[in-house]
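1. sequence first, then the predicted structure:
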Amino acid sequence: MTMTIGIIGSGALGTNFARMLANSGRSAIIANSRGPASLAPLVQELGPLIQAGTVQQAASADIVLVAVRWVDAERVLSSLPAWAGRIVIDGTNPVEFFDPATSPDAQDASNPLAAYGIKPVDLGAQHSSQMIRQWVPGARLVKAFNHNDVNVLKEPAVAGGKRVLFYSGDDADAKAAVREIMATAGFFPVDLGALDVGGPLASLPFGALSTHNFVSL
Ligand SMILES: NC(=O)c1ccc[n+]([C@@H]2O[C@H](COP(=O)([O-])OP(=O)(O)OC[C@H]3O[C@@H](n4cnc5c(N)ncnc54)[C@H](OP(=O)(O)O)[C@@H]3O)[C@@H](O)[C@H]2O)c1
């Protein structure tokens, strides 16, 4: 039986993930902070496969993409039903956004991402997947869909090949389910191994495999 998919967050990542699913014939429930009515134009655009729901409805799916900003993640995740083995795809990155035109943060010479309006969040000795893991107890966690600009999700076939999407996690079946979503959408999925290995490698801002566009020919 096909697993159900929920999406928490309807911004750049959530909407483009939903569009990718719709384009590959998969259905999903998408939710945001403002409620289902605010998503009427989006679901009208994406067609009948994508439905608007509450956060609780989206979080009750078999596979749940977390597509909220880092600063909101802990609060959003703390209010959800027990995970009981369901799959969470963590699409977040530990960054804060600011307006590069007006914020003094744009002048921070120690931040190589300042011009893009992004600054890293100080997580101390932890990496972000360790923290998300604590916030989704009982879930099978897979890190994915976070390592590139969301616009890549619109274009799986490029330069005569398939665009590479990385994923990592500690549960083989959960990773296979995420891999299947990527492959069905036309991407070339690459398993980076355990969450403690692949998470930091593919995480913005400084993961060695983040922000690069790899294509499998
Ligand atoms: N943008 C990219 O290219 C990109 C690429 C890879 C990964 N990411 C990561 O993906 C995550 C989302 O980024 P984004 O660019 O999509 O951000 P965004 O456009 O600001 O969207 C964030 C979404 O989170 C929702 N949200 C906030 N609080 C919520 C709550 N309490 N309950 C339910 N939904 C809530 C917002 O709801 P409302 O719409 O109601 O405000 C909004 O739809 C971030 O962690 C980011 O680092 C982004």
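-> That came in fine, so what should we check first?
2. in the chain, what residue comes closest to the ligand?
-> The ligand sits closest to Gly11 of the chain, with a gap of 1.9 Å, by C-beta to the nearest ligand atom. In short, each C-beta sits where N, CA and C put it, glycine included.
3. so that residue sits against Ala67, correct?
-> Yes - look at Gly11 against Ala67 with C-beta atoms under 8 Å: they come within range, at 6.8 Å.
4. between the two, which one's more packed in?
-> Between Gly11 and Ala67, counted using other C-beta atoms under 10 Å, Ala67 has the larger neighbour count: 29 against 12.
5. spatially nearest residue to the more buried one (excluding sequence neighbours)?
-> Spatially, and ignoring its direct neighbours in sequence, Ala67 is nearest to Gly9 (3.3 Å; C-beta to C-beta, 6 or more residues apart in numbering).
6. what of Pro120?
-> In space, Pro120 is closest to Pro205, 4.9 Å off (C-beta to C-beta, 6+ apart).
7. then Ala40?
-> Closest to Ala40 by C-beta to C-beta, 6+ apart is Ala52, at 6.9 Å.
8. quick check: closest non-adjacent residue to Tyr167.
-> Once flanking residues are discounted, Tyr167 sits nearest to Ala144: 3.9 Å by C-beta to C-beta, 6+ apart.
9. cool, and Ser216?
-> Phe188 is the one closest to Ser216 (C-beta to C-beta, 6+ apart), at 3.9 Å.
10. and for Gly193?
-> Ser168 (5.8 Å).
11. mind checking how far that neighbour is from Ala115?
-> Applying C-beta to C-beta, to the nearest Å, the value for Ser168 to Ala115 is 29 Å.
12. the two: which has the busier surroundings?
-> Using other C-beta under 10 Å as the criterion, Ser168 and Ala115 rank with Ser168 on top: 26 against 9.
13. can you pull the contacts of the one residue sitting closest to the centre of the chain?
-> The residue lying closest to the centre of the chain (C-alpha atoms, centre = their mean) is Gly91, at 2.0 Å. Counting by C-beta atoms under 8 Å, 6 or more residues apart in numbering, Gly91 touches Leu13, Phe17, Leu65, Val66, Ala67, Ala144, Phe145, Asn146.
14. which among the residues you listed count as buried?
-> Applying a neighbour-count criterion of 16 or more other C-beta atoms under 10 Å, the buried members of the contacts of Gly91 are Leu13, Phe17, Leu65, Val66, Ala67, Ala144, Phe145, Asn146.
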